[in-house]
Structure formats: C-alpha cells, structure tokens
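Novice: I would like to see how this sequence folds:
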Amino acid sequence: MKTYKFKVNNKEYEVAVGDADGKNVKVTVNGTDYDVELPEAPKAKPVIAKPATATAAPAATPKSAPAPAGAVGSLKSPLPGTVLAVNVTVGQAVKASDCVLVLEAMKMENNINAGKDGTVKAIYVNKGDNVLEAADLMLIE
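Specialist: Predicted coordinates:
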C-alpha cells in the first residue's frame, strides 16, 4: 500500500491506497477502510502518424492504444502525476538521455528521459493528462 497525507479544508487525512483488483481498490482513510470502485477508462484507438506537409497546421500529439503488458520499449511513469509537456513526436529519434516528457508530481516538475536510444513508435499521453505510477507513457524501439 502507498500512503499519502492530504490536507482538505485545514483537516489532515492519511490515505493508504492498495493495489487495484480489476475495478476495485482498497483505500484506508484515517484508519477507516473503504472499497472503492473505479470507472472504466475509455479505450483509445491507435493513431497512425502521417508525414507533415509544409502547409499543415500543428496537430495535437497523437494518442495511441496502450501498449500490451510488458511490451518491450514501453516507457512507464515512475510516479503518479500530471503531464506538463510531451517533448517528442511519433517517428522522432531519441537518445537515452533525451527528456521526452515533463511530469508534475507533488508540485515538482520531473523530467522523464527516454532511457534508451531508439525511435518513438507511439505516444499514449497528452499534455494535461493525469497518469498513475507505472502507466504507459510512450513506446520507444
């Protein structure tokens, strides 16, 4: 279980969040246990990147279907947070030390590096998305 401390309307809460079991999660708030049912997340359709033309307007970062569990090259979120910036596009070559994404967690900006040399094959998040720890961010092969 991961434990967090929250302050809401000047009242402190200690929240322990257990592992998700399908759509259910066990949560303990100030010593009281709750079974929480999560809504189903909408499934995104894969997006095939097309080469940009000189007259094309800038488009939003394409969002692809999540990678299969344990996909080789899948870059995962190291912690829960909000995506502040996606610094790469599908088809772009990256080096291991390149900052491909900026993630805000606990009011801190965290640079997420590619982790390996390769090409961005798919991007699963957009600016403003909230992600959980270990969520797929992008596929780099």
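Novice: what's the local residue count around the nearest residue to residue 131 once chain neighbours are set aside?
Specialist: The shortest distance from residue 131 to any non-neighbouring residue, by Cβ to Cβ, 6 or more residues apart in numbering, is to residue 77 (4.7 Å). For glycine as for every other residue, the C-beta is placed from the backbone atoms N, C-alpha and C. If you count neighbours by other Cβ atoms under 10 Å, residue 77 ends up with 21.
Novice: for the helix or strand encompassing residue 139, what is the average pLDDT?
Specialist: Here residue 139, judged by DSSP states H and E, is contained in strand 136-140. Strand 136-140 shows a mean pLDDT of 92.
Novice: now do that strand: everything it contacts.
Specialist: Residues from elsewhere that reach strand 136-140, judged by Cβ atoms under 8 Å, 6 or more residues apart in numbering: 64, 66-67, 71, 73-77, 83, 88, 94, 100-101, 112, 114-116, 118-125, 131.
Novice: drop anything exposed from the residues you listed.
Specialist: 64, 66-67, 73-75, 77, 83, 88, 94, 100-101, 112, 114, 118, 120-125, 131 (16 or more other Cβ atoms under 10 Å).
Novice: which of the residues you listed fall in strands?
Specialist: Among those, the residues falling in strands (DSSP state E) are 74-75, 83, 94, 100-101, 112, 118, 120-123, 131.
Novice: which one of these is nearest to residue 36?
Specialist: Proximity of those to residue 36 (Cβ to Cβ) peaks at residue 131, which lies at 18.4 Å.
Novice: quick one, what contacts the closest one?
Specialist: Residues near residue 131 by Cβ under 8 Å, 6+ apart: 77, 80, 81, 82, 83, 103, 125, 137.
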